[in-house]
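> sequence unknown, structure follows:
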């Protein structure tokens, strides 16, 4: 068994050589914002790119930033000595600069504040397009073991087929340790072109020894939105990512669903790692009355911004259930939290991921990106979910055994709550 503690740190473990419908199929599909192809944690929430808010930026410029600049001569002094006298191979100036930036960020103990090189930044930008090449899994950084943790392998995708499970720890990639590095560089090693093979060393609770798993990378196509009818006449809409089109797609999907006169609506946010703050507000605006509060954003300097619904809603009275799970994060939690706080519908599933911070990605002059936590957000009834997650009104777990048997107890519970008929399982 594996428990937190120095003696069980993944780096110190001996490595071994051991090696029902479309709704079920897409159950674990999410977005490439946090995948093994360039993801940087579970989701990010940012409605803008560029400079930080002026007031906060000026305050830091006159304080901490000025003090930092005063200390930089000693840095250059040290680098001059190193590059003049060191006997051995030195990093390129570019690599040294990036390493210095990451060194400072590592002192923050905030995995959501991260740096991306120009190449990594390009992958990050293309992740919003909904397709990628990789192993098909969502990850984050486990701060206890200081390595990559599998948040969720996408069903019927390479990682899933290879036997990788939720909460597996990845300690080595192609026999190279990633323990003690960072999520960005680890993801860089794991991602790769379709058809290539990557060997991941896995540490799993219940297994005495680490073991290697070979995964053949593939091209993963991620649809932003899915629509169906379940339980007889209940509209089902699943959103996989809060990308730049999410608000419009949800609005259009709900309008189309209403034309069939459904008795209720299930909005599925399971496995959705988040995305753009603006899109979270737009999606919430589909279901909540005009001028309702969606979230409260608070900054380090004490400033507060309240985000309210925008435009006319599509439906505010159709009975509604929102499905969430451990992979629902960031913008997903904003929408689910607003619907729960405003008593618009019930939340069913498992406690969400717990990412209640706001990141502002800023593109630097060389094309690299510095993504900085600038605020924390709170639900309309002033709850924070950061590090804790959003607790559902009705808790229903979904296990690996459920998935393998093509059962979906969370969806079944939502259908029952809305008065629909649960479909029987297929004959095995």
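In hand now; what should we look at? Keep in mind that what you see is a predicted model, and the values were worked out from it rather than measured.
> list the buried residues in stretch 236-253.
236-243, 245-247, 249-251, 253 (16 or more other C-beta atoms under 10 Å). (C-beta placed from N, C-alpha, C; glycine too.)
> of those, which belong to strands?
Secondary structure defined by DSSP state E assigns 236-239 of the buried residues of stretch 236-253 to strands.
> what about the residue in the chain sticking out farthest from the centre, distance to residue 79?
Ranked by distance from the centre of the chain (C-alpha atoms, centre = their mean), the top residue is residue 85, with 44.1 Å. Separation of residue 85 from residue 79 (C-beta to C-beta, to the nearest Å) stands at 11 Å.
> where do the strands sit along the stretch 251-400 of the chain?
In the stretch 251-400 of the chain, the strands defined using DSSP state E, counting those that start in this stretch lie at 264-268, 293-299, 304-308, 320-324, 346-349, 357-363, 369-378, 394-395.
> of the ones you listed, which is nearest residue 192?
strand 369-378 (20.8 Å; C-beta to C-beta).
> re earlier: ramachandran coordinates for the residue farthest from the centre of the chain?
Torsion angles at residue 85 (phi, psi; degrees, to the nearest 10) stand at phi -110, psi -10.
> could you measure from it over to residue 321?
In this view, residue 85 and residue 321 are 66 Å apart by C-beta to C-beta.
> what about stretch 141-159, how long is it end to end?
End-to-end distance of stretch 141-159 (C-alpha to C-alpha, to the nearest Å): 17 Å.
> equivalent analysis for stretch 149-163, please.
With C-alpha to C-alpha applied, stretch 149-163 spans 15 Å between its terminal residues.
> over to stretch 146-161?
Its first and final residues considered, stretch 146-161 spans 26 Å by C-alpha to C-alpha.
> partner residues bridging residue 211?
residue 202 (DSSP bridges).
> what's the separation between it and residue 267?
Using C-beta to C-beta, residue 211 is found at 39 Å from residue 267.
> and for residue 332?
In this view, residue 332 and residue 267 are 10 Å apart by C-beta to C-beta.
> looking at these two, which one has more neighbours?
Using other C-beta atoms under 10 Å as the criterion, residue 332 and residue 267 rank with residue 332 on top: 34 against 25.
> wait, what's in contact with that one?
Contact partners of residue 332, counting by C-beta atoms under 8 Å, 6 or more residues apart in numbering, are 43, 242, 269, 272-274, 324, 352.
> one more: residue 148?
139-142, 169-170, 178, 183, 186-187, 190.
> same check on residue 110?
Counting by C-beta under 8 Å, 6+ apart, residue 110 touches 357, 373.
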